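[1] How does the following fold in three dimensions:
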Amino acid sequence: MPSQAASEAHAQNVARGHKAAISNPNVSEEAKEHSRQVLEEIEGTSDPDAFTASTGSGKHESYDADHAAKKV
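    Numbers count the residues shown, from 1 in each chain. Alright, predicted model coming up:
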């Protein structure tokens with residue numbers, strides 16, 4: 001079983017990928033919406049300015065690393 005740190009690192013990498021997809025002009029709107037939904041599940045908010053799992057700091061108050069790791 002992966003350690004807590006490894007699970008959180010994986011969740012952070014997944015969040016980075018979804019944030020990149022949202023910012024990429026070559027990604028379809030459908031794919032961007034999917035990424036927004038995944039980030040909302042991972043980070044507990046749909047506010048793109050509050051997406052913080054990819055930075056590892058200042059997480060939204062409802063952010064749960066265990067829950068995020070299970071979602072990815």
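
[2] Can you name the helix or strand that Ala5 falls in?
    With secondary structure defined by DSSP states H and E, Ala5 is part of helix 4-23.

[3] Give me the helices and strands touching that helix, please.
    In this structure, helix 4-23 packs against helix 29-43, helix 65-71, with contacts taken as 3 or more C-beta pairs under 8 Å, 6 or more residues apart in numbering; DSSP states H and E. Backbone N, C-alpha and C define where each C-beta goes, glycine included.

[4] Now the weakest link among the ones you listed, please, by mean pLDDT.
    Comparing mean pLDDT across the helices and strands packed on helix 4-23, the weakest is helix 65-71, with a mean of 61.

[5] residues in contact with the closest residue to Ala21 other than its chain neighbours?
    Distances taken as C-beta to C-beta, 6 or more residues apart in numbering put Ser35 closest to Ala21, at 4.4 Å, once the chain neighbours are dropped. Counting by C-beta atoms under 8 Å, 6 or more residues apart in numbering, Ser35 makes contact with 18-19, 21-22, 27.

[6] ok, now how distant is Ser35 from Ser23?
    10 Å (C-beta to C-beta, to the nearest Å).

[7] What of Glu43?
    From Glu43 across to Ser23, the span is 16 Å (C-beta to C-beta).

[8] the more surrounded of those two?
    More neighbours sit around Glu43 than around the other of Glu43 and Ser23, counting by other C-beta atoms under 10 Å; the figures are 26 against 11.
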